[in-house]
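> Kindly generate the corresponding structure for this input.
(4 chains)
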4 protein chains.
Amino acid sequence: MSTLVKGGTIVTAGDTYEADILIDNGIIALIGNFLEAQVDQVIDASGSYVLPGAIDVHTHLELSVSGTVSSDDFYTGTVAAACGGTTTIIDYADQMRGEPLAKGLEARLAAARGKAVIDYGFHLVLTDYNARVAGEMAEVVSAGVSSFKCFLAYKGRSMIDDGTLLVLLSRSKEIGALTCVHCENGEVIDVLTRKLLSEGKTSTRYHPKSRPPEVEAEATGRAIALAEMALAPVYIVHLTTAQSLEKVRAARARGLTVYAETCPQYLLLSADKYDEPGFEAAKYVMSPPLRPRSHQGALWTGLGNGDIQVVATDHCPFNFKEQKELGREDFSRIPNGAPGIETRLYLLYTEGVAKGRISLNRFVDLVATAPAKLFGLYPKKGTIAVGSDADLVVWDPKVRHVLSVETLHQNVDYDPYEGFEAMGKPTVVMSRGKVIAKNGTFLGQAGTGAFLRRKPYPGVI
Amino acid sequence: MSTLVKGGTIVTAGDTYEADILIDNGIIALIGNFLEAQVDQVIDASGSYVLPGAIDVHTHLELSVSGTVSSDDFYTGTVAAACGGTTTIIDYADQMRGEPLAKGLEARLAAARGKAVIDYGFHLVLTDYNARVAGEMAEVVSAGVSSFKCFLAYKGRSMIDDGTLLVLLSRSKEIGALTCVHCENGEVIDVLTRKLLSEGKTSTRYHPKSRPPEVEAEATGRAIALAEMALAPVYIVHLTTAQSLEKVRAARARGLTVYAETCPQYLLLSADKYDEPGFEAAKYVMSPPLRPRSHQGALWTGLGNGDIQVVATDHCPFNFKEQKELGREDFSRIPNGAPGIETRLYLLYTEGVAKGRISLNRFVDLVATAPAKLFGLYPKKGTIAVGSDADLVVWDPKVRHVLSVETLHQNVDYDPYEGFEAMGKPTVVMSRGKVIAKNGTFLGQAGTGAFLRRKPYPGVI
Amino acid sequence: MSTLVKGGTIVTAGDTYEADILIDNGIIALIGNFLEAQVDQVIDASGSYVLPGAIDVHTHLELSVSGTVSSDDFYTGTVAAACGGTTTIIDYADQMRGEPLAKGLEARLAAARGKAVIDYGFHLVLTDYNARVAGEMAEVVSAGVSSFKCFLAYKGRSMIDDGTLLVLLSRSKEIGALTCVHCENGEVIDVLTRKLLSEGKTSTRYHPKSRPPEVEAEATGRAIALAEMALAPVYIVHLTTAQSLEKVRAARARGLTVYAETCPQYLLLSADKYDEPGFEAAKYVMSPPLRPRSHQGALWTGLGNGDIQVVATDHCPFNFKEQKELGREDFSRIPNGAPGIETRLYLLYTEGVAKGRISLNRFVDLVATAPAKLFGLYPKKGTIAVGSDADLVVWDPKVRHVLSVETLHQNVDYDPYEGFEAMGKPTVVMSRGKVIAKNGTFLGQAGTGAFLRRKPYPGVI
Amino acid sequence: MSTLVKGGTIVTAGDTYEADILIDNGIIALIGNFLEAQVDQVIDASGSYVLPGAIDVHTHLELSVSGTVSSDDFYTGTVAAACGGTTTIIDYADQMRGEPLAKGLEARLAAARGKAVIDYGFHLVLTDYNARVAGEMAEVVSAGVSSFKCFLAYKGRSMIDDGTLLVLLSRSKEIGALTCVHCENGEVIDVLTRKLLSEGKTSTRYHPKSRPPEVEAEATGRAIALAEMALAPVYIVHLTTAQSLEKVRAARARGLTVYAETCPQYLLLSADKYDEPGFEAAKYVMSPPLRPRSHQGALWTGLGNGDIQVVATDHCPFNFKEQKELGREDFSRIPNGAPGIETRLYLLYTEGVAKGRISLNRFVDLVATAPAKLFGLYPKKGTIAVGSDADLVVWDPKVRHVLSVETLHQNVDYDPYEGFEAMGKPTVVMSRGKVIAKNGTFLGQAGTGAFLRRKPYPGVI
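Take a look at the predicted model:
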């Protein structure tokens, strides 16, 4: 099976140029300007950009939490991803208390198998550490899981203490894994939440009061300090505030290996959503919460100058009906999270590239190349180069469309960006050479996505 | 004429992958893995990297200064560049007092024509500003000179005052040009120099005392402040100190468009050279001077995390005999400058890539891609992509060799890095598809280099 | 002549305590709790604070500038000062082009003599420097003028270049003088002003556009850098912006000896005054101009934590009629300055102490003790201690009154704080033991003020 | 009983002037220049400074810890303090698990009663928090204990979690108490200590490795972040590193109410002490440990510019024999602490005042006035003013002497400053008007010290 993607402008993290792409057996075989080649299939990309399929390194499909399950499973979630131009995800597997790490991984592999329509990998969430776990960590890295995640939030659930984080960072460094940290101070959140509830402040508007910006900045600084002591790299997930970013920047300026990820919701939405009447605000209940608008400029600057390396989604959808409603009487019971796996490129292209805040190349780096390099998928994924998987997105920058839950594929009953006028859209999305979506219609089939055995963290990118 | 570069690992600012390159008529036509194609010439790049030809945006060939002329002319200088893997330079043309800007440009075009063996462009140095000049600035930008340079140093010669810099920045922004600034406080240098000389401190060791680090940091901060007021981008040439870098970083963190260049001499050599006995120290008399070693770590960190975007050379050679000797009795009469056009890649690869301080991709970005993008040469120059000029360097990372004035091609009687053990060497260097150097032997001919009409500064890179 | 100040609460920079003060021959002789002493005069200070007479180190009485003369002479100005609780001023003498420094000083001594009602000193403004001047600088220090002032603003008038500032700083250090610098970039102001006027932007609202905050922050950073190179202390006059303050703070954190002064107008008034209709805005035309309100918080924090050491006034009044009106058609011709010599304590006490932003002791330090120590007047002036001059202010914190040009003594036809509700007022003001004002009525007589021969700058305070 | 202190130079935090002091009934009654007054006692202070008696707000007398008891009890410790010029201490009382707070306080009151020779107060150490404790906190504040202390170090012993610190800060603010925090990350220390011991790294030289500078900087930043969230003031005890200081400075620059204390050992001694052969290094085992010398410059700058407000001692002596030896085989068992209650003024005067790093007034502020104001003892203690307790030190700056365990009064068998050549010495020390020490000889008697009921924290100082 051979395919020719013809007439487009190829955009990678480094380059922008016009050329055709010849795909053979799902792999990019040739890049150049061709006479009409003898191929099975020709895709016309004239007037469009051809981008590497995007990679979302922060998703939560069919996640059990707060007594419910996130509403996208590995099928619906990856279909939505595909339609939006994302061709790889890295989701999470959990350490099961007292069980081998492999067991948690197997559970998630089983969940994805037969459903996922794009390729996928997993980070492994660690909550306990001991000598046995240390040994198993090396095993899972060998098995293709070269990143671990841990939490400084969620006291009594996944929160780990600073000593444990220190040894995890150190151990991960040793075995070629990157440590991802959710940075919010869980002790403080616990106190603030109990205080608010005890004062009868139970409505949704109090969610952000239970985890203010300082809670994140403090924990970000702490995670960095621990990484410095461990001489280990660290990856800060969903960074949302100017103060956290300043800590990342200062660390990088001192020569530390610190990476930061942010998400579209923190770039586009702001805390005034929590003032919406009734229970509407529950749609935006996530952790960290949306921040005052003043933080957004700093985040955009960080995307532009390289202090933030990755834009992911933290896609974790819950239906407004029945799911979000679990917390109608108590904000702390609202399942935390919002959908985003499908809309990331629309939002970042429109607000970032089209408004001149970031270049096209930087856009590709943020959503595809840097994630691939950091998490051991490069050069198989994350770029358009000879030998890479033909995960391609034909992106028509001229299309204007309006985001709506009516037309999006995410399995959730609302969209936080309802009514947003987007610029640019994928007209064709390919996974390993196969067209899986066209103009917003999914054309693939369940189970064609494969588990990706990721390589170790490379050290410098 | 067609050429196949076969078996190498292509490295760009964004990517690293194995593929062959087919060149047709000096242009990269195809990238892929080929059966034996029907080509005129095959270059075996097995086991080597294939890099885009490097770009040196800061050279001073046959520069008249201090009553003498820099010892490399456009022939010898570009031959040396070519042998070292540099296939494009941007040198300087001067505004001639009272004359149209075009006149200064023509003088330099005439100097280069018939001699240069690689492609070249010019920045235009501005020393006077008035309404007529403002008009001519737009003309030279149209003529392919999309960057201006000015000096905060050299009182009574090229130094301009802050008001003039402000309007230059503003006017350049307006017409799509990037303003490059030499940041040292010329008023202070003048005072310090006169004071030292009046105290009989005339020997070479006093050169750095006449322009200490604070002189640069102050002027860097001032140039940035003026750029902020002009809402214009600014490019700081030859940044050398941790304090200057901190000012650049802080400005970028505030969202300003500030770029910084450093040079190998500031990364590898340090101020203790000025303590060498006799007149040896004159070899290192340049401006800014070499700095205490403590600054180097900060510069390397800046290269790694993106706060410094370009490594150029400030190549400005003077023979130790007869030329440097002009200042034997008075350090202020030593012609300022040192050679470097040929050795840049050796030094940066060995100390940067081989020692793990920067990635291969970052190396390419620093010496080729970022300079091309900033100065309007991209994508014709600065990368390996279909449609780009086939300016290629086959870089064998396994070769170890020792730098020596005996074997280097620069027309100067000493080398600051004499005896340096380098890793990696260009086995083949191509300019627009023609092999112009092999294993350190120049194979091209005088005058094949062409003047490059550069595009305007692109805004974001 | 002996006087007993009875029943008050003495407040100094360090202490607050209840005690009586016995004054003998104009000097504080005893502090304690007394039986009815045998004295010539008893002043009842019950329920009031007794403060050291305030010192205003930045005034411009009968200053010739912009073709006019500031409207307060040494009589009216010092009467106003006295009524407001200020018992010492340091005004300025100018270097007259080509003349000995002493001549400029003598001119001002002659102006003050017979008029001033409180004690006074002078800073000497330097505009030229050469070997002769260097020698004379030592002479004027010996004559009691231990501080020099220079300007980075006012191109073509008093502006000096960076080289000159460097040598002035160095020379001043050598001879025990403190260098005061007006930090605005005169080159930039010149360009901006000409540009605005050439565009027909001549109305008063353009005054602040001609000297934006960056102009001050840049020059502040530059003055500090030069002081660092000269290894000399530096005193920044009328600091107004958060960015300038940050530069001062960073310098102090590095161990540099940098002092900063601000003025009530920058703490209380803001740039929206320039939006007032008609020519009203001219009342607020001063340099630096009023700033956006956002800077004020930073300044108050600086007062509280010691990063700003002095609050002076830059009192330089011009009548709205006839004087300010000189610039009705061209903002650049409006005489720069505003009155403030009388209102400083009212404003700082009300907004600072009464609102809990600064302590009473800090208030005293800012307006009296620190100025005295920095400028060689301590312990004769600036505190309440045995042996010090009995310059005292009985301050009743319970009095509330409204500021108005109708009741103030400044010889000017408007007040920038008209209608301001002040808390606290001096019920008695004494100069060297004599009551010179009571409840806002001047009781002294012309010419009783004496010239103060100030001691050298002490090094650490 | 009346006393005249005659002929000295009085030095307070704000002032320096020559005057006599008349003391009546232990209180300063008059300050002035007297004829021979009719007094019971005359003390000649000619040629000397007269300072307020110093206050040491960080001592640990007869502290039970690590299975032993600090070697100075309330008698020997206060005798040593007195001989060194300290006339007030604030030591610690502990919350006893499950008992009312009052009980812990009573235990310490009982310990001090009948022994202390100078006045004393207590901070109360909190380790548990609940509603009952919240109520009792208000009671102890009323009882004169207006400061609490807690620990981020000492896991499993006194360490509290972040949530608890947050509520303690908040509650303390509410009731007028100041919260003092020991800032080291106990979780990390626990991990590092166990790791070192498990690797057989048990010797004393590993003590600093178990608690490196980052451990303190992180915790300092965290304590400040929590104080910011609680809108409460915070007092950082024994700050030792440049990084911690930078966090304090940045917080103060943002307007937060953060205070910092350092100790002479961190200003004078450095980590190379841990390289001493044999078990000698144990003499310097304290927490935080001594730091590399590079931190000292920053601390001195902080003392000079006001970023550090207090110099205390953390006096916690253990005999080298038998006590320090408990940890001969395991550094973690060495009782932490060193003596210093007697030598503080010698060290700070010699290295600070005599070397020109800080002024005399600043010296007094750091050791007496600021501690008194922060901890509710002012103006009874901490200054020389009419109405204050006559706690006075006649300090002869001309005396040079050598510190030695042979002559010091501290009840411990070594001195960390053995052989240090000190400048300045108290020739007379008075407590409430009584001479308790002369020229290093104690003249007082056990039990004359009184418990000080301290006032609430004043808000601004």
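> Secondary structure element for residue A:248, which one?
Secondary-structure assignment from DSSP states H and E places residue A:248 in helix A:242-253.
> which residues are contacting that helix?
By C-beta atoms under 8 Å, 6 or more residues apart in numbering or on different chains, the surrounding residues in contact with helix A:242-253 are A:183, A:213-214, A:216-217, A:220-221, A:224, A:228, A:236, A:239, A:258, A:260, A:294-295, A:297-299, A:302, A:307-308, B:246, B:249, B:253, B:301, B:305, B:307. In short, each C-beta sits where N, CA and C put it, glycine included.
> filter these to the buried ones?
Among the contacts of helix A:242-253, those classed as buried by 16 or more other C-beta atoms under 10 Å in any protein chain shown are A:183, A:213-214, A:216-217, A:220-221, A:224, A:228, A:236, A:239, A:258, A:260, A:295, A:298-299, A:302, A:307-308, B:246, B:249, B:253, B:301, B:305, B:307.
> Just those residues: which are in strands?
A:236, A:258, A:260 (DSSP state E).
> List just the nearest of the residues you listed to residue D:459.
residue A:236 (36.8 Å; C-beta to C-beta).
> And chain B, is the biggest helix by length in chain A touching that?
Criterion DSSP state H: the longest helix present in chain A is helix A:213-230. No - Helix A:213-230 is not in contact with chain B by C-beta under 8 Å from any C-beta of the partner chain; minimum separation 13.8 Å.
> Next up, the contacts around the residue of the stretch 251-400 of chain A found nearest chain C.
Nearest residue of the stretch 251-400 of chain A to chain C: residue A:294, at 12.0 Å (C-beta to the nearest C-beta). Residue A:294 makes contact with residue A:242 under the criterion C-beta under 8 Å, 6+ apart.
> that older thread, generate CSV for the ones in strands among the buried ones among the contacts of helix A:242-253, with pLDDT as supplementary columns.
As requested, these are exported to CSV (pLDDT from 0 to 100):
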residue, pLDDT
A:236, 98
A:258, 98
A:260, 98
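> Nearest to chain B among those?
Within these, proximity to chain B (C-beta to the nearest C-beta) peaks at residue A:258, which comes in at 9.4 Å.
> Quick check: closest non-adjacent residue to that closest one.
Nearest non-adjacent residue to residue A:258, counting by C-beta to C-beta, 6 or more residues apart in numbering or on different chains: residue A:251, 4.5 Å away.
> Neighbours of the one you found, how many?
24 (other C-beta atoms under 10 Å in any protein chain shown).
> What pairs with the one helix or strand residue A:394 maps to, parallel or antiparallel?
If you go by DSSP H and E, residue A:394 is part of strand A:392-402. Applying DSSP bridges, strand A:392-402 is found paired with strand A:49-52 (antiparallel), strand A:421-431 (antiparallel).
> returning to that earlier point: now flag whichever of the ones in strands among the buried ones among the contacts of helix A:242-253 is closest to chain D.
Using C-beta to the nearest C-beta, residue A:258 comes nearest to chain D of those, at 14.1 Å.
> Any idea what that closest one is bridged to?
With DSSP bridges as the criterion, residue A:258 is bridged to residue A:234.
> for chain C, what are the nearby residues on the stretch 251-400 of chain A?
Proximity of the stretch 251-400 of chain A to chain C, by C-beta under 8 Å from any C-beta, involves no residues.
> Which residue ranges of the stretch 251-400 of chain A form helices?
For the stretch 251-400 of chain A, the helices defined by DSSP state H, counting those that start in this stretch occupy A:264-268, A:294-305, A:344-348, A:360-364, A:370-374.
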